[in-house]
Each structure stands twice: as C-alpha cells, then as structure tokens.
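Peer 1: only geometry, no sequence info:
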C-alpha cells in the first residue's frame with residue numbers, strides 16, 4: 001500500500017485523499033484526524049509517543065512530523081528516541097516543509113507516515 005498524497009495545506013486546513021483535516025495522521029493506505037485530546041497533547045511538552053503509536057504500527061520506515069506553521073509544537077527528545085527505538089527514521093520540520101518532504105518520500109515509494117499540525 002502506498003502513502004497517500006497530502007494534496008493541499010493552508011492555515012488550519014489540510015487535504016488528504018479528498019478528506020479535509022485541521023491536524024492529521026497519515027500512513028500507507030490511510031489517514032485520519034489527529035485529535036490532541038485523545039492523548040492530552042499540547043504545544044508544550046509537545047508530541048508524545050502515544051500520538052505516534054497508531055502510525056508506527058502501520059509499518060512505516062520513515063515518520064515525518066510537522067510542528068506547525070510557526071513551529072510552536074514541540075517534539076521532546078524522548079519522543080524522538082522512542083521512534084528510533086522502533087527502528088523508524090524520523091524527520092521534523094515546519095509543517096509546510098514537512099508536507100513537502102512527506103509527499104516527496106511518498107512519491108518515491110517510501111513507506112512514510114506522518115503527523116502534521118496545520119496552525120501555529
């Protein structure tokens with residue numbers, strides 16, 4: 001299964017496979033809303049391992065994290081360590097750059113997944 005293209009991004013809005021999201025999780029064969037309330041995530045301390053577990057279980061080789069348009073969303077070192085301990089490469093960017101990287105890797109056939117914050 002291939003990773004779906006993120007077809008558009010603007011402040012507070014992303015589109016993946018014809019579905020609109022504010023924040024989203026994407027993996028080979030699917031996507032869904034990234035609802036921070038599920039794990040108690042906030043800009044600080046930031047992305048938690050629990051936010052990523054669903055995507056990591058999809059067999060991704062690479063995980064891309066979009067920190068927001070102004071990079072307000074933090075990514076703790078412990079979270080990065082957790083991803084690497086699972087044998088997955090991780091790349092963290094401002095969200096526009098993250099989407100570009102994700103789409104580039106998906107187009108190359110890499111089993112890429114991601115979590116993306118589309119506002120601050």
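Peer 2: Happy to help now that I have it. Computed from a predicted structure; not experimentally measured.

Peer 1: Just give me the longest helix of this structure.
Peer 2: Longest helix in the chain, counting residues (DSSP state H): helix 95-107.

Peer 1: Who are the packing partners of it?
Peer 2: The contact analysis (3 or more CB pairs under 8 Å, 6 or more residues apart in numbering; DSSP states H and E) places helix 95-107 against strand 6-10, strand 62-66, strand 89-93, strand 112-116. For every residue, glycine as well, the C-beta is placed using N, CA and C.

Peer 1: Redo these as TSV? Include distance to residue 100 and mean neighbour count.
Peer 2: Converted to TSV, those look like this (distance: least, CB to CB, whole Å; neighbours: other CB atoms under 10 Å):
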stretch	distance to residue 100	mean neighbour count
strand 6-10	9	16
strand 62-66	10	25
strand 89-93	8	17
strand 112-116	11	28
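
Peer 1: Would you mind saying which of those strands lies nearest residue 26?
Peer 2: strand 112-116 (5.0 Å; CB to CB).

Peer 1: That closest one packs against which elements?
Peer 2: Packing partners of strand 112-116 (3+ CB pairs under 8 Å, 6+ apart): strand 24-27, helix 49-56, strand 62-66, helix 95-107.

Peer 1: Identify the residues contacting the shortest one?
Peer 2: With contacts defined as CB atoms under 8 Å, 6 or more residues apart in numbering, strand 24-27 is touched by 3-4, 6, 14, 16, 31-34, 51, 54-55, 58, 60, 102, 113-116, 118.

Peer 1: helix or strand right after that strand?
Peer 2: For strand 24-27, the following helix or strand on the C-terminal side (DSSP states H and E) is strand 30-33.

Peer 1: List the buried residues in that following strand.
Peer 2: 30, 31 (16 or more other CB atoms under 10 Å).

Peer 1: quick revisit: winner for burial among the helices and strands packed on strand 112-116?
Peer 2: Burial of the helices and strands packed on strand 112-116 is given as mean neighbour count (mean count of other CB atoms under 10 Å); strand 62-66 ranks first at a mean of 25.

Peer 1: mean confidence score for stretch 85-104?
Peer 2: Taken as a whole, stretch 85-104 has a mean pLDDT of 98.
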